[in-house]
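[1] Quick one, what's the 3D model for this:
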Amino acid sequence: MASNELGEKHAQWISSVRENVLEPELPILDPHHHLWLDEGHTGWPYTLDDFHQDTGSGHNVVGTVFLECHAQYRQDGPEHLRSVGEVEFVADLAEQSAASDGAEIMAIQGNADVSMGAAVEEVLDALEAAGRGRFRGVRYITAQDDHPPLAMYENAAMSDRLYLEGVRRVGELGYTYDAMVYHPQLSEVVGVAQACPDTPIVLDHLGGILGTGPYSDQRDEILDYWKKQMAAIAACNNVYLKLGGIGMPMMGFRWDKRDKPATSAELAEAWSDPIQYAIEVFGAERCMFESNFPVDKRGVGYVPLWNSFKLIASSCSTDEKRDLFYNTAARAYRLPLLEKS
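    Sure, this is the predicted structure:
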């Protein structure tokens, strides 16, 4: 089946769960989404039109942050600069989004090989020029595991001297570093944060709580370990945490294999405890809800996903919600804050 046909079939399945939007006026800055023209990480394209269909489905999504996903790289030229093509691609779409009636792509996190050490500055300069005012920093994925389905791109060890030098240079130049790891690597994140105290670090996807392969049926033990590591990471004041990724198959809940996608109530039941714990130890001012679309779209629709976040945060104050749904992301990516009403 062609990728477009797969995408259409999946869209029909996702639309089988419909919910009314909770708190429809609450402003949202979605700090983590992707775009690609090929099969990407889902098996079908995710274009600006698809993005606007999701962000325009009822929640008050004011703006978003694009996260690197190896899309539209340059096909020639120096290897270390090929990722500039992705930021060029997204900068064009961001300008289109700003001129539309839909959510604006306000910021772009590109990719750079920080294991180049201080030499990564050349790449950052090129990404800055390509971003046309929207480039905010980079993600360099260090997630890795011996279980083959969890294998990621080849990457440097987080203890590597040049890697740490590169992460420090990201902060020295005023940029933000996104980190994606799996939960067994969380103790290493503490080392990175302590070695790079002046670099704002955003830890993606709740720190990558795994629940598949060798990690199946170990959720209680894994969460106990995860909570201890989260407390240690939270003690590093330069780290922000993204609350999301909960629709990904690797998290252990195979929403993508069910007859119907997840509802907001099901997501909230599964994820309230760890997310509320994360908010408690980091504080709302360092936590941000994220869609991780379209990757999380494999198991849940955009409306139910953000409804689940609103259910999980239902006991939070107005100021805390302003942080969780908007201002924390704005601080992390240097965007204008929402003022108190």
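
[2] Contacts only, for Val192.
    Val192 is in contact with 158, 164, 167, 179, 201, counting by Cβ atoms under 8 Å, 6 or more residues apart in numbering. Using the backbone N, CA and C atoms, a C-beta is placed for each residue, glycine as well.

[3] how close does Arg298 get to Lys257?
    Separation of Arg298 from Lys257 (Cβ to Cβ, to the nearest Å): 10 Å.

[4] For the two, indicate the residue with more neighbours.
    Higher neighbour count among Arg298 and Lys257: Arg298, with 21 against 9, using other Cβ atoms under 10 Å.

[5] Isn't the more buried one up against Met250?
    No - with contact defined as Cβ atoms under 8 Å, Arg298 does not count as touching Met250 (10.6 Å).

[6] mind listing the helices for the stretch 51-200 of the chain?
    84-98, 121-131, 161-172, 186-195 (DSSP state H, counting those that start in this stretch).

[7] I'd say Tyr140 and Ser115 touch.
    Yes - here Tyr140 reaches Ser115: they are 7.5 Å apart, a contact under Cβ under 8 Å.

[8] Low-confidence ranges, the stretch 1-150 of the chain, go.
    The model of the stretch 1-150 of the chain has pLDDT under 70 over residues 1-2.

[9] Name the residues that touch the longest helix anywhere in the chain?
    Longest helix in the chain, counting residues (DSSP state H): helix 264-282. For helix 264-282, contacts defined as Cβ under 8 Å, 6+ apart pick out 19, 22, 206, 209, 223, 226-227, 230-231, 234, 239-241, 243, 246-247, 253, 255, 287, 300, 303-305, 307-308, 310-313, 316, 320, 324.

[10] Would you tell me what the next helix or strand after that helix is?
    Next along the chain after helix 264-282, taking DSSP states H and E as the criterion, comes strand 287-289.

[11] Partner strands of that following strand and their direction?
    Sheet pairing of strand 287-289 (DSSP bridges) gives strand 239-243 (parallel).

[12] How far does the partner strand sit from its chain's centre?
    Centroid displacement of strand 239-243 relative to its chain, using Cα atoms, centre = their mean, to the nearest Å, is 9 Å.

[13] Same question for stretch 59-76.
    Its chain's C-alpha centre and that of stretch 59-76 lie 10 Å apart, by Cα atoms, centre = their mean.

[14] Now do the buried residues in that stretch.
    For stretch 59-76, burial by neighbour count (16 or more other Cβ atoms under 10 Å) applies to 59-69, 71-73.
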